[in-house]
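Undergrad: Whatever this is, show me its structure:
(2 chains)
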Protein chains: 2
Amino acid sequence: MTRLVIIGGSDAGISAALRAREIDEQAEVTVVVADAFPNYSICGLPFYVSGETPEWQMLAHRTREELEATGMTLLLNHTARSIDPAAHTVLVSDPDGQDQMLAYDRLILATGAVPRRPTFATQDLPGVFLLHSMAESFAVHASLQKRDPRSALIIGGGYIGLEMADALTLRGIAVTVVEHGSSVLKTVDAPFGTRVGNELRQHGVEVVTGVAVERILREDEGLQVSGSPDFQATTDMVLVATGVQPSTKLAATAGVQLGVQGAIRVNRLMETNVPDLLAAGDCVETAHRLFPHHTYLPLGTTAHKQGRVAGERALGGRRPFEGSLGTQVVKVCDLVIARTGLRDHEAREAGFDPLTMETSTWDHKVYYPGAQPLFLRLTGDRQSGRLLGAQVLGSWHSEIAKRVDILATALFHEMTIEALSDLDLSYTPPLSSPWDPVQIAAQTWIHQRPRTHP
Amino acid sequence: MTRLVIIGGSDAGISAALRAREIDEQAEVTVVVADAFPNYSICGLPFYVSGETPEWQMLAHRTREELEATGMTLLLNHTARSIDPAAHTVLVSDPDGQDQMLAYDRLILATGAVPRRPTFATQDLPGVFLLHSMAESFAVHASLQKRDPRSALIIGGGYIGLEMADALTLRGIAVTVVEHGSSVLKTVDAPFGTRVGNELRQHGVEVVTGVAVERILREDEGLQVSGSPDFQATTDMVLVATGVQPSTKLAATAGVQLGVQGAIRVNRLMETNVPDLLAAGDCVETAHRLFPHHTYLPLGTTAHKQGRVAGERALGGRRPFEGSLGTQVVKVCDLVIARTGLRDHEAREAGFDPLTMETSTWDHKVYYPGAQPLFLRLTGDRQSGRLLGAQVLGSWHSEIAKRVDILATALFHEMTIEALSDLDLSYTPPLSSPWDPVQIAAQTWIHQRPRTHP
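TA: Residues are numbered from 1 along each chain as shown, chains lettered A, B, ... in the order given. Below you'll find the predicted structure:
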């Protein structure tokens, strides 16, 4: 009977616990959860803020009762303080501050990530929020209801920043997004970032790019945000969304080795350097199928997969994590933007000789009502013709997310771009064309690629 | 300079011509088109009938001018009468009935399919239509506008029959569908067929199953349709949609060997048994990636691929047709139904030991507004765990078509069902869940599969 202790009750931790209980009904699985909200969907927080998800309780992937019905033990509002790997114990504080020692045969760290706190936000100011946890979301929500802000300024034009811009606009708040880079959504190429910026502007959001915020001051008339070059704004509320970093303080107490961007170093079985100590989710570095080295890519999908692998490994299984492709998608107003694999500069960094080409087409046959333009950027290796990555942008109902998944599945199998035309993809005029847009983009790439031989 | 003659101006023929001109600007490409409508989207006809596509001209994938701009020659309203393979000539009649001889180096037959004419419809009756060609669609359209029928009866509950039921209902006509089988849409399993039938009923369509139509008579009060057991109906209009058969009369004049269901026998380079004579599209049998033998599977997507292969082969290329998975999708009212690969009985026939399981889930996180139920039926091999086929049913905007394409891509690479969980698929709450429904279905299949070993 294995005693498995898991620190962290979000995606990776709960996935590990569920998998362990699924494999072995005898396993004694204890999950130490720092707050009262196990298995909550962090990705859903913007929709709670927007009001689209009216009750925060709805954000739970599973209720506490459903989790406990699987036979796992949840220690809510418990804080893990230190690990003694030699003794195989974890020191845990309960909600009253009482310490207790948990003994384990296997321990899984699923401590997640914490928001990166920029230098201009080192001290807490009323009205300034770093959105990540449930608690922080409650604070934002309460502030929206109590103070009824007219304006908000969001620092950071990444996924969370843009989803929050969308969310607050839906609430009737005048939103400004300030992004350091030359276009928002730096996870995709600039032409796509520019389209996303324009989509936000069409929905009334002020989008400021190329500005580094340097200072936030509380003045009588509101929060004064200044940056360079030459940026000044007064606003009722500031959300800081400048990314996250792995939460690894606890790991350090056990002598766990860290890797990329300070994330816990793991192998594909989610093992750390410390015996019987595994780790998964936003606190670990991630194997990538196209990079020779690990990366830091905190994503919910990856956390679920890694948690599952860790839960299985903890009970003696050896099914490895097969690696990430960095597949991701975000909805911003009525646009959806998705990517998988490598972009041009990443592919170069990974040792390929990449070529990226953009194709625009329709999401379905234009004779059927409602056809919308769809933009695909394919990155392939010039020499081998191998598909390396894809970015897709289009309308909400243009099946963008699952189109990128066709490409993610192709990437998983190391297909060439040419071979994409061999895939037997579905077609009906309201939903596609006889060659799916994915294949039209592939044929464009092949046709326009400079020929090295006749 | 290769003289390439292509008989047929629909999907396969035009794809072949485009590919040939793309590869070799010197190639002399002549396409013999029986009517005045080259490169028309047959799949779009229901939407022209419904009025969603207001002008029939919109159904052209490309205009005549666009096609000719690629350098191909179109002989419209020309009928190919016979082939002399020894002399490498085709006898063609022009619109005035004048014969001419076309010499070829390579000939591609892309003569398509014709509707199967059931015994109860051997003689033409006013108000009874066999929908397939542009001409027939014009006749239906004209009849709708001139006679303003109040009721229509559709014989056959397959793709075309159901799309036409949807189309005529949109025009305010009272539609009855009569299907021989026990549920409509026999290309998917009965539980899905039943859901599709109910969807039609909810939109006011009368759906009659288990009835074989035996007779259509023209009476004063309208068309009298009778069948067994015990079926009688009077209607203003009858559409017969009982499937198609390959059009191979011309092929017979050249001594071309036929195969499955009378379709032209071809290899994966789309070569027939006659030298320099290729064939592609709805007139040929189709290599299937999961069946050891060829099948007859006339689909627009396949016709495009085969045409491309034939066009390339005609100019000396050797890129083969990689085989079909029978991937297909249809929209019926607000439902979308898609499939790829084999169903249970087909898998058994192909020598597998199949198990099919249905999973129901949501198309996206239920806390985000508008979540719709989504049904997946996965078929896998009990012994090897290999994925063999998938059927997906759900709402129009639930990305059903491209979800089945993820599975089609997985099938192409002979993945196991277990390995589907390793795919890095995209997730955002408005569009999916951290494990995509495809993966949830895979995990259900794995978990419920009877274990042969502990």
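Undergrad: in the stretch 351-454 of chain A, which ranges drop under the pLDDT threshold?
TA: Low-confidence segments of the stretch 351-454 of chain A (pLDDT under 70): A:451-454.
Undergrad: Strands of that one, residue ranges please.
TA: A:354-362, A:373-381, A:387-395 (DSSP state E, counting those that start in this stretch).
Undergrad: Pick the most buried one from those.
TA: For the strands of the stretch 351-454 of chain A, the largest average neighbour count (mean count of other C-beta atoms under 10 Å in any protein chain shown) is found in strand A:387-395, namely a mean of 26. Every C-beta, even on glycine, is put in place using the N, C-alpha and C of the backbone.
Undergrad: Run a quick neighbour tally on the residue nearest to residue A:106 when sequence neighbours are not counted.
TA: Counting by C-beta to C-beta, 6 or more residues apart in numbering or on different chains, residue A:314 is the residue found nearest to residue A:106 once chain neighbours are left out, at 3.9 Å. The local packing of residue A:314 (other C-beta atoms under 10 Å in any protein chain shown) involves 31 other residues.
Undergrad: still on that earlier bit, what about the strands of the stretch 351-454 of chain A, which gets the closest to residue A:342?
TA: strand A:387-395 (4.1 Å; C-beta to C-beta).
Undergrad: quick one, the closest one and strand A:373-381 angle?
TA: For strand A:387-395 against strand A:373-381, the angle by axes from the mean of the first three to the mean of the last three C-alpha atoms, to 10 degrees is 170 degrees.
Undergrad: What distance do you get for the residue positioned nearest the centre of chain A to chain B?
TA: For chain A, the residue nearest the mean C-alpha position is residue A:299 (3.4 Å; C-alpha atoms, centre = their mean). The spacing between residue A:299 and chain B, counted by C-beta to the nearest C-beta, to the nearest Å, is 8 Å.
Undergrad: Any stretches of the stretch 151-300 of chain A with poor pLDDT?
TA: For the stretch 151-300 of chain A, no stretch is flagged by pLDDT under 70.
Undergrad: how about the residues of it that lie near chain B?
TA: When proximity is defined as C-beta under 8 Å from any C-beta of the partner chain, the stretch 151-300 of chain A approaches chain B at A:289, A:299-300.
Undergrad: Among these, which ones are in helices?
TA: In this view, these that belong to helices under DSSP state H are residue A:300.
Undergrad: how much space is there between residue A:336 and chain B?
TA: Residue A:336 is 7 Å from chain B, by C-beta to the nearest C-beta.
Undergrad: That residue contacts residue A:329, correct?
TA: Yes: taking C-beta atoms under 8 Å as the definition, residue A:336 is a contact partner of residue A:329 at 6.3 Å.
Undergrad: ok, back up a step: in contact with the residue nearest to the centre of chain A, which residues?
TA: By C-beta atoms under 8 Å, 6 or more residues apart in numbering or on different chains, residue A:299 lies in contact with A:324, A:326, A:328, B:427.
Undergrad: same deal with residue A:213?
TA: Going by C-beta under 8 Å, 6+ apart, residue A:213 touches A:118, A:120, A:155, A:178, A:180, A:225-227, A:231.
Undergrad: repeat for residue A:151
TA: Residue A:151 neighbours (C-beta under 8 Å, 6+ apart): A:173-176, A:222, A:234-237.
Undergrad: Which PyMOL command selects the buried ones in the residues you listed?
TA: A single PyMOL command selects the buried members of the contacts of residue A:151 (16 or more other C-beta atoms under 10 Å in any protein chain shown):
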select buried, chain A and resi 173+174+175+176+222+235+236+237
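Undergrad: got a list of contacts for the strand or helix carrying residue A:224?
TA: Residue A:224 belongs to strand A:222-228 when assigned by DSSP states H and E. Residues external to strand A:222-228 that are found in contact with it (C-beta under 8 Å, 6+ apart): A:125, A:127-128, A:151, A:153, A:155, A:178, A:211-218, A:231-238.
Undergrad: so of the residues you listed, which ones are in strands?
TA: Among those, DSSP state E puts A:128, A:151, A:153, A:155, A:178, A:212-218, A:231-235, A:238 in strands.
Undergrad: Residue A:21 - that's part of a strand, no?
TA: No: using DSSP: H, G, I helix; E, B strand; the rest coil, the secondary structure at residue A:21 is helix, not a strand.
Undergrad: Give me the pLDDT for it.
TA: Looking at residue A:21, its pLDDT stands at 97.
Undergrad: Residue A:110 now?
TA: At residue A:110, the model reports a pLDDT of 98.
Undergrad: How about the one 10 residues further on?
TA: Looking at residue A:120, its pLDDT stands at 89.
Undergrad: Kindly list the main-chain dihedrals of it?
TA: When read as degrees, to the nearest 10, the backbone of residue A:120 gives phi -70, psi 0.
Undergrad: Do I have it right that it meets residue A:217?
TA: No: using C-beta under 8 Å, residue A:120 is not in contact with residue A:217; the gap is 9.9 Å.
Undergrad: can you count the residues close to the closest residue to residue A:432 other than its chain neighbours?
TA: Of all residues not flanking residue A:432 in the chain, residue A:364 sits nearest, at 5.6 Å (C-beta to C-beta, 6+ apart). Neighbour count for residue A:364, taken as other C-beta under 10 Å: 26.
Undergrad: Same check on residue A:371?
TA: Residue A:371 is flanked by 18 other residues according to other C-beta under 10 Å.
Undergrad: dump the residue contacts of it.
TA: By C-beta under 8 Å, 6+ apart, the contact set of residue A:371 is A:362-365.
Undergrad: ok, 10 Å please
TA: Applying C-beta atoms under 10 Å, 6 or more residues apart in numbering or on different chains, we find residue A:371 in contact with A:361-365, A:395, A:398, A:429-430, A:433.
Undergrad: next one: residue A:191
TA: Listed by C-beta under 10 Å, 6+ apart, the contact set of residue A:191 reads A:183, A:358, A:375, A:377, A:391, A:393.
Undergrad: at 7 Å what do you get?
TA: The contact partners of residue A:191, by C-beta atoms under 7 Å, 6 or more residues apart in numbering or on different chains, come to residue A:358.
Undergrad: Find the helix or strand that it is a member of.
TA: For residue A:191, the enclosing helix or strand under DSSP H and E is helix A:190-202.
Undergrad: Angles on the backbone of the residue nearest to residue A:11 when sequence neighbours are not counted, please.
TA: Closest residue to residue A:11 apart from its sequence neighbours, by C-beta to C-beta, 6+ apart: residue A:303 at 3.8 Å. With angles defined as degrees, to the nearest 10, residue A:303 sits at phi -60, psi -40.
Undergrad: Residue A:303 reaches residue A:8, doesn't it?
TA: No: Residue A:303 lies out of contact with residue A:8 (C-beta atoms under 7 Å); the separation is 9.7 Å.
Undergrad: Now for those two: what residues contact both?
TA: In contact with both residue A:303 and residue A:8: residue A:281, using C-beta under 7 Å, 6+ apart.
Undergrad: quick one: the helices in chain A?
TA: Going by DSSP H, chain A shows helices at A:11-23, A:45-50, A:64-69, A:134-147, A:159-170, A:190-202, A:249-253, A:300-314, A:344-349, A:400-412, A:437-448.
Undergrad: Using a markdown table, lay out these together with distance to residue B:111.
TA: A markdown table is the format used below for the helices of chain A (distance: least, C-beta to C-beta, whole Å):
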| stretch | distance to residue B:111 |
| --- | --- |
| helix A:11-23 | 55 |
| helix A:45-50 | 54 |
| helix A:64-69 | 59 |
| helix A:134-147 | 63 |
| helix A:159-170 | 52 |
| helix A:190-202 | 44 |
| helix A:249-253 | 69 |
| helix A:300-314 | 48 |
| helix A:344-349 | 45 |
| helix A:400-412 | 32 |
| helix A:437-448 | 25 |
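Undergrad: and the two most separated of the contacts of residue A:371?
TA: Of all pairs in the contacts of residue A:371, the most separated under C-beta to C-beta is A:395 and A:429 at 16.6 Å.
Undergrad: mind checking how far residue A:43 is from residue B:337?
TA: From residue A:43 over to residue B:337 the distance is 29 Å, taken as C-beta to C-beta, to the nearest Å.
Undergrad: which of these two has more neighbours?
TA: residue B:337 (28 against 24).
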